[in-house]
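Participant: Kindly generate the corresponding structure for this input.
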Amino acid sequence: MRVHFISIGGSVMHQLAIALHKKGYQVTGTDDEIFEPALSNLAKEGLLPAKIGWQPDLITSEIEAIILGMHAKNDNPELIRAKELGLKIYSFPEYIYHESQDKKRVVIGGSHGKTTTTSMIMHVLQQLHKNFDYLVGAKVEGFDQSVNITHAPVIICEGDEYPASAIERKPKFHFLFPHVAILTGIAWDHINVFPTFEFYLEQFVIFIHKIEKDGLLIYNASDPVLKQLVEANKRTDIRYQPYSVPENTIENGKTSVTIEGVSGTLRVFGNHNLMNLLAAYYACKELGVNASAFVPAIASFTGAAKRLELLALNNSTNVYRDFAHAPSKVKATIEALKQQYPDRKLIGILELHTYSSLNEQFMLEYRGAMDKADMAIVFYSNHALELKRMPHLPIEKVVEGFDKQGLLVMNDKETLWQWLQSQAYQNTNIVLMSSGNYDGLDMLTFAKQITQ
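Facilitator: Numbering: from 1, shown residues only. A predicted model of the protein is given here:
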């Protein structure tokens, strides 16, 4: 099988290229820029392009599949050449489906919790020595890659709602056709992609109708928007499994969970994680894993990278980082930490970094998101606004949107750094919430510095 990647340097694109190479396929690829870790990963496997840049001469009729990344645009010379030759062109999710038509497909969708739920299923199946393929959007402990395609009978896929490619604008999760589907919740985000809430909701309705006949939909019944959407779009040819927060206790900063009479102590915490865990259980149950096997296996799960990830700690201070940036994610992260450590001061530091979060009209969506934090800081950089070619975001609009008493808003990294250095952190938890990097501040060094 000859496969060529247009935009091979993407975070998941290069992982798929490596997986297919290991499967025995003849893999080539190009890109106009390749950064770490993709650069080293591709070089290690002998897949790094000989030169950087698009090379239409490499596109020949012998290629059986072109896989097109989101970074490549409609006027890409290789894409134009592939169309001229009539080659089969796939978006990333279309090709995942192509490779998994004979597998049992488990797809995890929703506005939040997808990566964690996917990682939990992967962790349990690995602990129980099950044979499976996977696609996940973050580094998961115990797995060398974020994509694996073999001859396994099952594939576990994180399915997001972003467009699939430059020529296929439908959401990725519309192409995966699950036998087992999970919907973790719905909270409007990505307003640059989904300009109205109604349009956003419609993508999930379509996803439900993509579930294979006799399949199973596992859904978060504690989310009123999702519950109403599922009930309004009932199918008679699939099964339904609602879930919410499972039975649990918290003692001395440790959470224990009970599922179908089987109890175990966890290394993760918070209602959001507990709901993700129960969704993962129902998916594993459908794959033949019972509670007595699931609970001991999930007990060693520490979380996906940047999902309430513990960066540093001492006897009185924990520093976490979390990918949270959408309002619902920010709220869930802060509430989880406050519930787990009710007697500790909680400092929440949120960076606005995405198109939605830097949009003045979106600020009101954050109302109440940081209310449970004892100290709340919102940071955004003018540099990020310039890179995204977005207008100035007035500080007073951020304050008005969050409506949090005592909120500090900063848009200069030196001001934030000086503030961080001036605080006392005894009996305190800090959570760094961002999909960016605080305009280049070294938060890992900060975390280690205050806990030493």
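Participant: do you know how far Val12 is from Leu393?
Facilitator: Separation of Val12 from Leu393 (C-beta to C-beta, to the nearest Å) stands at 30 Å. No exception for glycine: its C-beta is placed from N, CA and C like everyone else's.
Participant: Same check on Lys114?
Facilitator: For Lys114, the distance to Leu393 - C-beta to C-beta - is 28 Å.
Participant: One more: Asn252?
Facilitator: For Asn252, the distance to Leu393 (C-beta to C-beta) stands at 42 Å.
Participant: what about the two, which has more around it?
Facilitator: Neighbours were counted for Asn252 and for Leu393 using other C-beta atoms under 10 Å; Leu393 has more, 20 against 4.
Participant: did I read that right, Gln228 in a strand?
Facilitator: No. Counting by DSSP: H, G, I helix; E, B strand; the rest coil, Gln228 is not found in a strand; it is helix.
Participant: ok, it - how many residues close by?
Facilitator: 12.
Participant: Secondary structure element holding Tyr219?
Facilitator: In this structure, Tyr219 is located in strand 216-220 according to DSSP states H and E.
Participant: For that strand, name the packing helices and strands.
Facilitator: strand 180-183, helix 224-232, strand 239-243, helix 271-286 (3 or more C-beta pairs under 8 Å, 6 or more residues apart in numbering; DSSP states H and E).
Participant: Quick one: the ones you listed as JSON lines, columns for mean pLDDT and distance to Asn318 too.
Facilitator: Converted to JSON lines, those look like this (pLDDT from 0 to 100; distance: least, C-beta to C-beta, whole Å):
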{"stretch": "strand 180-183", "mean pLDDT": "98", "distance to Asn318": "29"}
{"stretch": "helix 224-232", "mean pLDDT": "97", "distance to Asn318": "31"}
{"stretch": "strand 239-243", "mean pLDDT": "98", "distance to Asn318": "28"}
{"stretch": "helix 271-286", "mean pLDDT": "96", "distance to Asn318": "16"}
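Participant: Pick the most deeply packed of these.
Facilitator: strand 180-183 (a mean of 27; mean count of other C-beta atoms under 10 Å).
Participant: would you list every one of the strands in the stretch 301-450 of the chain?
Facilitator: Listed in chain order, the strands of the stretch 301-450 of the chain (DSSP state E, counting those that start in this stretch) span 309-313, 317-322, 345-351, 375-379, 408-410, 428-433.
Participant: now do the stretch 101-250 of the chain
Facilitator: With strands called from DSSP E, counting those that start in this stretch, the stretch 101-250 of the chain shows them at 104-109, 133-135, 147-148, 154-158, 180-183, 216-220, 239-243, 247-251.
Participant: my guess is Ala152 meets Met122, correct?
Facilitator: No. With contacts counted by C-beta atoms under 8 Å, Ala152 stays clear of Met122, the gap being 12.0 Å.
Participant: who's more crowded, the two?
Facilitator: A direct count of neighbours by other C-beta under 10 Å for Ala152 and Met122 places Met122 higher, at 24 against 17.
Participant: ok, back up a step: what touches both of Ala152 and Met122?
Facilitator: Phe132 (C-beta atoms under 8 Å, 6 or more residues apart in numbering).
Participant: Would you point out the helix or strand in this protein whose mean pLDDT is lowest?
Facilitator: Ranking every helix and strand in the chain by mean pLDDT, DSSP states H and E puts helix 382-387 at the bottom, with a mean of 88.
Participant: Can you name every helix or strand that that one contacts?
Facilitator: Packing contacts for helix 382-387, counted by 3+ C-beta pairs under 8 Å, 6+ apart, involve no helix or strand.
Participant: how far does that helix sit from the chain's center?
Facilitator: The chain centre lies 23 Å from the centre of helix 382-387; the measure is C-alpha atoms, centre = their mean, to the nearest Å.
Participant: In it, which residues are buried?
Facilitator: By 16 or more other C-beta atoms under 10 Å, the buried positions in helix 382-387 come out as 384-385.
Participant: can you start the count at 27 instead of 1 from here on
Facilitator: That works, and once the first residue is 27, the last one we named lands at helix 408-413.
Participant: Domain map for this structure?
Facilitator: 28-113, 122-324, 335-477 (automatic domain parsing).
Participant: How far away from the center of its chain is the second one?
Facilitator: Taking C-alpha atoms, centre = their mean, one finds the center of domain 122-324 at 11 Å from the center of the full chain.
Participant: Equivalent analysis for stretch 45-62, please.
Facilitator: Using C-alpha atoms, centre = their mean, the offset of stretch 45-62 from its chain centre is 23 Å.
Participant: That one: which residues count as buried?
Facilitator: Buried residues in stretch 45-62 (16+ other C-beta under 10 Å): 45-47, 51, 53-57, 60.
Participant: Just these: which are in strands?
Facilitator: Using DSSP state E, 53-56 are the members of those that sit in strands.
Participant: average pLDDT for stretch 95-103?
Facilitator: On average, the pLDDT along stretch 95-103 is 90.
Participant: what does that stretch rub up against?
Facilitator: Stretch 95-103 is contacted from outside by 31-36, 39, 57, 80, 82, 104-105, 118, 188-193, using C-beta under 8 Å, 6+ apart.
Participant: Please repeat the previous calculation with a cut-off of 7 Å.
Facilitator: Here stretch 95-103 makes contact (C-beta atoms under 7 Å, 6 or more residues apart in numbering) with 31-33, 36, 39, 80, 82, 105, 118, 191-193.
Participant: got it, and stretch 359-372?
Facilitator: Counting by C-beta under 7 Å, 6+ apart, 276, 279, 295-299, 334, 348, 350, 374, 396, 398-400, 453-455, 457, 459 sit against stretch 359-372.
Participant: try 8 Å
Facilitator: 276, 279, 281, 295-299, 334, 344, 346, 348, 350, 374, 395-401, 453-457, 459.
Participant: And for stretch 391-399?
Facilitator: By C-beta under 8 Å, 6+ apart, the residues outside stretch 391-399 that reach it are 214, 353-354, 356-357, 360-361, 364, 372-374, 376, 383, 402, 404, 427-430, 433.
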